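1. no sequence for this one, just the structure:
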DNA sequence: CTATGTCGGCGGAACGTTTAGCTAATCGTT
DNA sequence: AACGATTAGCTAAACGTTCCGCCGACATAG
């Protein structure tokens, strides 16, 4: 592979001139510019980003760590973040932790080795897991998305999960439901905590006691949600509505309903969090709380790049975005059986 | 950020010894190993992958270019490829072209600048677009997935799209359908071509003439598929079944059915290509041809890394994997209206 | 006691850039 | 005519590694 030296020799100039030409970093006479251009073309020269990174001290690489790319929310998030990063002249180093903190830690180390210029992280760890990081990650610019980690005082972008769950639950309450179940995520994640909190607050506010046996929390996974829903729905005094905290879980719940030959929304109303492409392509079209994914992604990228510029020890900023309820057909007015 | 020099100074050894210790590339006495280890720990040293890459001539980076990460097939593919690459000690540089060849070309250039060790590419270009590449891409190890590009004689991993479409169509024929429509992708992509071919072959084999007005080809997108399906289904002599060539299009078709208040499979039978998580969570549970995504991904990674080792000018190899029909509820036996 | 061999560890030259500082040439000013 | 100012382009020193070749110490053999 041709190097600047080859180009310089062929064009009869010094490598400094080649560099100046390639980077437009200094005036180069038209004549030399032409000769350099020709030599580059002839040799098929392309600058070596590695050498350049070494010298410049930055790589134009951003690490993106998500918990689970097959979750449609993260898919979409990766999509918009990738586009925004590319637009800004950087590239994405993708890491998928599969909700496994050990992997996440490994990835962080790898990203550090690759000398990425910054990291966008959707963390999976428990509080306490990150104690070592503050010092270890010698101020690598970091933005947290979707889930917060108070101990890691970094910039964050999240949606108001309490509000999301509150709205979803309030919608159910408005329709007359009282026996409402909740299938929610692992409670060490702030997103899951907040969603459960919003759910409880909505009930409380109407003076309705939450029935603890109707609250199921487990991993953000299809199988567990299906098991939970099956268990919830098979008994004689089943809830008339279920609030589902995540889209993987939604699949599980819908499959449970399908398997029990129940009809949604006639037999049970369902409301969830996270919109996704298929949500309105089937029966029933799902009523959901939509997160502003595009805004989350763009904001995260913007914050990261700003943080890079003036890496002053400016205190972290936290963006909290508003979710919106999208009403479709999966919730019906309550009627006694 | 601490460098080997710092470590060497603190441990009282040469940087060569630090390097040997870090890489286990030469025998280092236990005593020195201990001192170096301590110094590394104390300084929080981590090797600089950039300098290492420059010296070694490889980056442990693999470029992954997909046409559209929001397509569940590619989502899953990215998921398994990322895992396999990570497992092999490499990292993924993710590029999403949004089915735009101009972007694809830019990405290829960027990847080259980043000096990736290889590229896995799901191309979007038309034949002819890649003419310049052979020489330009100075033998960058390359594996094509999902879609082939004969002019780019690289290794490929695909599924037998002809067989996939054939099986799907045959299933419809077996159920007695005769007026079968096809909503298929852009015909400059081999995957779309092959799927249409399989569809035609199945009809032909039973001596049934394909009705050209029932064949719609457009971008692999939801909106266009919805428009096509709307048009196909609103007339009085509508097809009794539709073969849908891709999962984005499937969403569009299902939405059209929902909008027209038709019932699938009673009014129209649907079979598609590409399984996805939601396919059996709703009514109707979709009958689909499933691609062996995991095998595609793992094979692609394996081929790429092998190609790296002995970069002999060994001729390209082409893996063609078998799809399987998954019968669920979206196709019913034909009955005259 | 010297010659030979072994082996842990070191020095230093790369890898392909960027960039500070320099040189020689050209120019305008007095 | 002499002198600084300006300028195009060059030289060379980094950046943080890897790894070849060497050196000195020690062991063994003759």
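-> That came in fine, so what should we check first? All figures in this text were calculated on a predicted structure; none of them were measured in a lab. Residues are numbered from 1 along each chain as shown, chains lettered A, B, ... in the order given.
2. For the residue of the stretch 151-300 of chain A found nearest DNA strand D, give its distance to DNA strand C.
-> Proximity of the stretch 151-300 of chain A to DNA strand D (CB to the nearest atom of the strand) peaks at residue A:154, 24.2 Å away. No exception for glycine: its C-beta is placed from N, CA and C like everyone else's. From residue A:154 across to DNA strand C, the span is 28 Å (CB to the nearest atom of the strand, to the nearest Å).
3. host element of residue A:288?
-> strand A:287-290 (DSSP states H and E).
4. What lies in contact with whichever helix or strand comes after that strand?
-> Following strand A:287-290 in sequence order, the next helix or strand is helix A:293-309 (DSSP H and E). Contact partners of helix A:293-309, identified using CB atoms under 8 Å, 6 or more residues apart in numbering or on different chains, comprise A:62, A:73, A:76-77, A:79-81, A:84-85, A:88, A:90, A:117-120, A:141-143, A:145-146, A:155, A:157-159, A:317, A:319, A:321.
5. Narrow those residues to just the buried residues.
-> A:62, A:73, A:76-77, A:79-81, A:84-85, A:90, A:117-120, A:141-143, A:145-146, A:155, A:157-159, A:319 (16 or more other CB atoms under 10 Å in any protein chain shown).
6. Number of residues surrounding the residue of the stretch 151-300 of chain A found nearest chain B?
-> When distances are taken as CB to the nearest CB, the stretch 151-300 of chain A reaches nearest to chain B at residue A:282, 3.5 Å away. By other CB atoms under 10 Å in any protein chain shown, 23 other residues sit near residue A:282.
7. Now do the phi/psi pair for it.
-> phi -120, psi 180 (degrees, to the nearest 10).
8. Quick one, grab the pLDDT at residue A:80.
-> pLDDT for residue A:80: 98.
9. Spit out the contact partners of it.
-> A:293, A:294, A:296, A:297, A:298.
10. Mind giving me the PyMOL command for buried ones among those?
-> Those of the contacts of residue A:80 that count as buried under 16+ other CB under 10 Å are selected in PyMOL with:
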select buried, chain A and resi 293+296+297+298
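11. what's the closest of the contacts of residue A:80 to DNA strand C?
-> residue A:298 (28.7 Å).
12. quick one on the thing from earlier: who's in contact with the residue of the stretch 151-300 of chain A closest to chain B?
-> B:254, B:258, B:278, B:282, B:283.
13. if you set the cut-off to 7 Å instead, what comes out?
-> B:254, B:282, B:283 (CB atoms under 7 Å, 6 or more residues apart in numbering or on different chains).
14. What of residue A:118?
-> If you count contacts by CB under 7 Å, 6+ apart, then residue A:118 has A:62, A:140, A:141, A:304, A:308 around it.
15. try residue A:45
-> A:2, A:6, A:7 are the contacts of residue A:45 under CB under 7 Å, 6+ apart.
16. and if we set it to 10 Å?
-> A:1, A:2, A:3, A:4, A:6, A:7, A:10, A:18, A:22, A:36, A:39 (CB atoms under 10 Å, 6 or more residues apart in numbering or on different chains).
17. so where does the fifth one fall, helix or strand?
-> For residue A:6, the enclosing helix or strand under DSSP H and E is helix A:4-11.
18. which helices and strands sit right next to that helix?
-> helix A:15-23, helix A:30-43 (3 or more CB pairs under 10 Å, 6 or more residues apart in numbering or on different chains; DSSP states H and E).
19. For the last one, name the packing helices and strands.
-> I take that to be helix A:30-43. helix A:4-11, helix A:15-23.
20. which of the residues in the last one are buried?
-> Residues of helix A:15-23 classed as buried: A:17, A:18, A:19, A:20, A:21, A:22 (neighbour count, 16+ other CB under 10 Å).
21. And those, which two are furthest apart?
-> Greatest spacing in the buried residues of helix A:15-23, by CB to CB: A:17 and A:22 (9.7 Å).
22. Need the residues touching each of these two.
-> A:4, A:7, A:28, A:36.
23. Dump the contacts of residue A:45 to JSON lines, plus distance to DNA strand C and pLDDT.
-> Output for the contacts of residue A:45, formatted as JSON lines (distance: CB to the nearest atom of the strand, whole Å; pLDDT from 0 to 100):
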{"residue": "A:1", "distance to DNA strand C": "7", "pLDDT": "84"}
{"residue": "A:2", "distance to DNA strand C": "7", "pLDDT": "92"}
{"residue": "A:3", "distance to DNA strand C": "4", "pLDDT": "95"}
{"residue": "A:4", "distance to DNA strand C": "3", "pLDDT": "96"}
{"residue": "A:6", "distance to DNA strand C": "8", "pLDDT": "96"}
{"residue": "A:7", "distance to DNA strand C": "8", "pLDDT": "96"}
{"residue": "A:10", "distance to DNA strand C": "13", "pLDDT": "95"}
{"residue": "A:18", "distance to DNA strand C": "7", "pLDDT": "96"}
{"residue": "A:22", "distance to DNA strand C": "6", "pLDDT": "95"}
{"residue": "A:36", "distance to DNA strand C": "12", "pLDDT": "96"}
{"residue": "A:39", "distance to DNA strand C": "12", "pLDDT": "96"}
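24. Which two among these are spaced furthest apart?
-> A:1 and A:36 (17.6 Å).
25. out of those two, which sits in the busier spot?
-> Just comparing residue A:1 and residue A:36: by other CB under 10 Å the higher neighbour count belongs to residue A:36, 25 against 14.
26. did I read that right, residue A:320 in a helix?
-> No: using DSSP: H, G, I helix; E, B strand; the rest coil, the secondary structure at residue A:320 is strand, not a helix.
27. So what sits opposite it in the bridge?
-> residue A:158 (DSSP bridges).
28. Report the separation between it and residue A:274.
-> 17 Å (CB to CB, to the nearest Å).
29. quick one, which of those two is more surrounded?
-> Taking neighbours as other CB under 10 Å, residue A:320 and residue A:274 compare with residue A:274 leading, 25 against 13.
30. Might one say that the more buried one is in contact with residue A:185?
-> No: judged on CB atoms under 10 Å, residue A:274 makes no contact with residue A:185 at a distance of 11.3 Å.
31. what sits in contact with each of these two?
-> What both residue A:274 and residue A:185 touch, as defined by CB under 10 Å, 6+ apart, is the set A:244, A:245, A:246, A:248, A:249.
32. Hmm, residue A:180 and residue A:211 touching each other?
-> Yes: if you go by CB under 10 Å, residue A:211 and residue A:180 touch, sitting 8.5 Å apart.
33. Mind checking which of these two has more residues around it?
-> residue A:180 (25 against 15).
34. Kindly state the beta-bridge partners for the more buried one.
-> Residues in beta-bridge contact with residue A:180 (DSSP bridges): residue A:241.
35. residue ranges with poor pLDDT in the stretch 151-300 of chain A?
-> Applying pLDDT under 70 to the stretch 151-300 of chain A flags no residue at all.
36. And stretch A:267-284, end to end?
-> Using CA to CA, to the nearest Å, one end of stretch A:267-284 lies 12 Å from the other.
37. Mind pulling up the pLDDT for the residue in the stretch 101-250 of chain A positioned nearest to DNA strand D?
-> Relative to DNA strand D, the nearest point of the stretch 101-250 of chain A is residue A:115 (8.9 Å; CB to the nearest atom of the strand). For residue A:115, the model assigns a pLDDT of 96.
38. Likewise for residue A:137?
-> For residue A:137, the predicted pLDDT is 51.
39. Help me confirm that residue A:156 comes into contact with residue A:145.
-> Yes: using CB under 10 Å, residue A:156 makes contact with residue A:145 at a distance of 7.3 Å.
40. All set, thanks.
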